[in-house]
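Participant: task: produce atomic coordinates for the following.
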Amino acid sequence: MQPSEIEPLFTRADGTYLCARWGRPIVPIVFGVEDATLGVVKGAFEAVCALSGHKMAETDPELGANVMVFFFRDWAELLEVPDLGRMIDGLEPMVSRLQAEGANQYRVFRFDETGAIKAAFVFLRMDAALSAQPAEELALSQVVQVMLLWGERAFAERSPLGRLEDGRVVLRPDVAALLAAAYDPVMPPVAQDASHALRLSARVGSAG
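Facilitator: Residues are numbered from 1 along each chain as shown. A predicted model of the protein is given here:
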């Protein structure tokens, strides 16, 4: 991947560059699904963490679980989740805005004192479009999008997933290589300068 391809993936709506990765092991918890789907989601986390070189854990010493994935049918359901309003600042206006937009997914991140990711909340309103996706495909797509702080339009025009000849859905090789490069121990956990895209490109190229 060329720097010119990487830079837009981490460019915010205001034109600034920001890439952040997790600064601690990931501990996911999933709400609103059956046990079979729960296993699929956790399996996706395990696969993407293995690919990127990041770690998972049984518990987060500060938060217990640090990735909360919610499946639901209506945004208003979030207002009934105990204590969620304490964890998400401005929960009610957020729900109102997402309802008005007709959104079917949203992600909220929390950061530690260095700017690295320390928690993420994934909200999935299971409308017709999301419900039509196989669980494995939906889970993999969502996990990729919480592994790094991507730009708002990083995957707006092209999914991070690809399909093999046998029909299996996998991470696109370029996205997989980019994740591994971003989690390279020599790379900073947070970058706010577009020159970071040059360093990522060099590592993606050397890995290839």
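Participant: ranges for the strands of the protein?
Facilitator: According to DSSP state E, the chain carries its strands in the segments 19-20, 28-31, 67-72, 105-111, 117-125, 161-163, 169-171, 190-191.
Participant: can those strands go into CSV with extra columns for distance to F10 and mean neighbour count?
Facilitator: Yep, even glycine has a C-beta here, placed from its N, CA and C like the rest. Output for the strands of the chain, formatted as CSV (distance: least, CB to CB, whole Å; neighbours: other CB atoms under 10 Å):
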stretch, distance to F10, mean neighbour count
strand 19-20, 4, 24
strand 28-31, 23, 17
strand 67-72, 20, 21
strand 105-111, 13, 15
strand 117-125, 13, 21
strand 161-163, 19, 15
strand 169-171, 17, 18
strand 190-191, 8, 19
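Participant: mind giving me the packing neighbours of the longest helix along the chain?
Facilitator: Ordering each helix of the chain by length in residues (DSSP state H) puts helix 35-52 first. Here helix 35-52 touches strand 28-31, strand 67-72, helix 135-147, helix 173-182, going by 3 or more CB pairs under 8 Å, 6 or more residues apart in numbering; DSSP states H and E.
Participant: mind giving me the packing neighbours of the shortest one?
Facilitator: Contact partners of strand 28-31 among helices and strands, from 3+ CB pairs under 8 Å, 6+ apart: helix 35-52, strand 67-72.
Participant: hey, C-alpha coordinates of the longest helix of the chain in CSV?
Facilitator: Presented in CSV, the C-alpha positions along helix 35-52 are these (Å, rounded to 0.1, in the frame of the first residue of the first chain):
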residue,chain,number,x,y,z
ASP,A,35,-24.5,-18.2,22.4
ALA,A,36,-23.7,-19.4,18.9
THR,A,37,-23.3,-15.8,17.7
LEU,A,38,-21.3,-14.9,20.8
GLY,A,39,-18.8,-17.5,19.9
VAL,A,40,-18.5,-16.1,16.4
VAL,A,41,-17.9,-12.6,17.6
LYS,A,42,-15.2,-13.7,20.1
GLY,A,43,-13.7,-15.9,17.5
ALA,A,44,-13.4,-12.9,15.2
PHE,A,45,-11.6,-11.0,17.9
GLU,A,46,-9.2,-13.9,18.5
ALA,A,47,-8.4,-14.2,14.7
VAL,A,48,-7.8,-10.5,14.2
CYS,A,49,-5.7,-10.2,17.4
ALA,A,50,-3.6,-13.1,16.3
LEU,A,51,-3.1,-11.5,12.8
SER,A,52,-2.1,-8.1,14.2
